[in-house]
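K.L.:
What follows is a predicted protein model with its sequence.
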Amino acid sequence: METRWIWAAAVLGLLAGGCTTTKQTAPARAASEQLLLSTAADRAIARADFTGFTNKAVFLDPAYFESYDQKYVLGQIRDAISQNGAVLASSASNADIILEPRSGGLSLDTSSSLLGIPASGLPVPFAGAVEIPEIALYRSDLEFSIAKFALLAYARKEGTHFYSSGPLVGKAYLKNYKIIGMISWKRTDVPEEERVKKRHKHKER
């Protein structure tokens with residue numbers, strides 16, 4: 001009898017060991033969110049005309065710019081004026097032109113649609129609620145990013161107007177689809193996501 005209990009305990013020990021899982025932490029923001037926002041920002045900044053800044057010493061003043069990913073956007077603006085021949089001034093006192101960016105928005109809208117049974121909690125007597133997983137015949141999830149910026153530039157000494165960009169708008173999207181919980185695919189205009197999708201297709205072949 002004791003031998004049976006020993007063997008039972010050993011089997012249970014092996015089964016318990018086989019069910020071990022390792023928990024992995026995740027960043028606060030998903031990579032897809034960051035790529036969607038930065039892509040929309042890139043496209044908004046690309047609409048600006050910086051040709052008039054050639055050979056001008058320009059200081060980028062961030063005082064009026066508040067937004068998600070602020071440093072990335074400001075860095076992209078600095079890159080754009082530098083590529084157009086501007087001299088990046090280290091301080092306002094060394095500049096011919098002061099460039100003030102401002103943000104009208106840089107964020108995401110999301111929406112989901114489901115054909116099937118959503119996840120829910122089922123009350124069970126003496127056991128509390130039991131989570132019932134989602135059963136999706138068809139599911140779509142949309143993430144849509146939009147960036148709206150504007151730029152004002154003026155002569156440092158005179159304070160006179162030099163340049164206004166008007167509204168600069170950029171957009172990006174990512175759509176995920178799933179059928180019967182198994183077949184899934186995505187559509188996106190984010191370059192980095194597109195490259196990942198193409199690599200996955202190549203591996204499947």
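P.N.:
Happy to help now that I have it.

K.L.:
where do the helices sit along the chain?
P.N.:
2-18, 31-45, 70-83, 191-204 (DSSP state H).

K.L.:
comparing those helices, which gets the lowest mean pLDDT score?
P.N.:
Ranked by mean pLDDT, the helices of the chain end with helix 2-18 at the bottom, a mean of 43.

K.L.:
show me the contacts for the closest residue to Asp49 other than its chain neighbours.
P.N.:
Closest residue to Asp49 apart from its sequence neighbours, by C-beta to C-beta, 6 or more residues apart in numbering: Ser165 at 7.4 Å. Backbone N, C-alpha and C define where each C-beta goes, glycine included. Ser165 is in contact with 47-49, 149-152, counting by C-beta atoms under 8 Å, 6 or more residues apart in numbering.

K.L.:
go on, Ser91?
P.N.:
Counted by C-beta under 8 Å, 6+ apart, Ser91 has contacts Phe59.

K.L.:
Please name the nearest non-neighbouring residue to Ser67.
P.N.:
Ser103 (3.8 Å).

K.L.:
Just the pLDDT at the one you found, thanks.
P.N.:
Per-residue pLDDT puts Ser103 at 97.

K.L.:
what does the one 4 residues further on give?
P.N.:
Predicted confidence (pLDDT) for Ser107: 96.

K.L.:
Was I right to think it contacts Ser145?
P.N.:
Yes: counting by C-beta atoms under 8 Å, Ser145 is a contact partner of Ser107 at 7.1 Å.

K.L.:
Now for these two: what residues contact both?
P.N.:
Leu37.

K.L.:
Have a look at the two and say which one is more surrounded.
P.N.:
Of the pair Ser107 and Ser145, Ser145 is the one with more neighbours under other C-beta atoms under 10 Å, namely 28 against 16.

K.L.:
Does Asp96 touch Glu158 like I think?
P.N.:
No: using C-beta under 8 Å as the test, Asp96 is too far from Glu158 to be in contact (10.4 Å).

K.L.:
who has more neighbours, those two?
P.N.:
Asp96 (18 against 8).

K.L.:
Quickly note the distance from that one to Ala40.
P.N.:
The gap separating Asp96 from Ala40 is 31 Å, by C-beta to C-beta, to the nearest Å.
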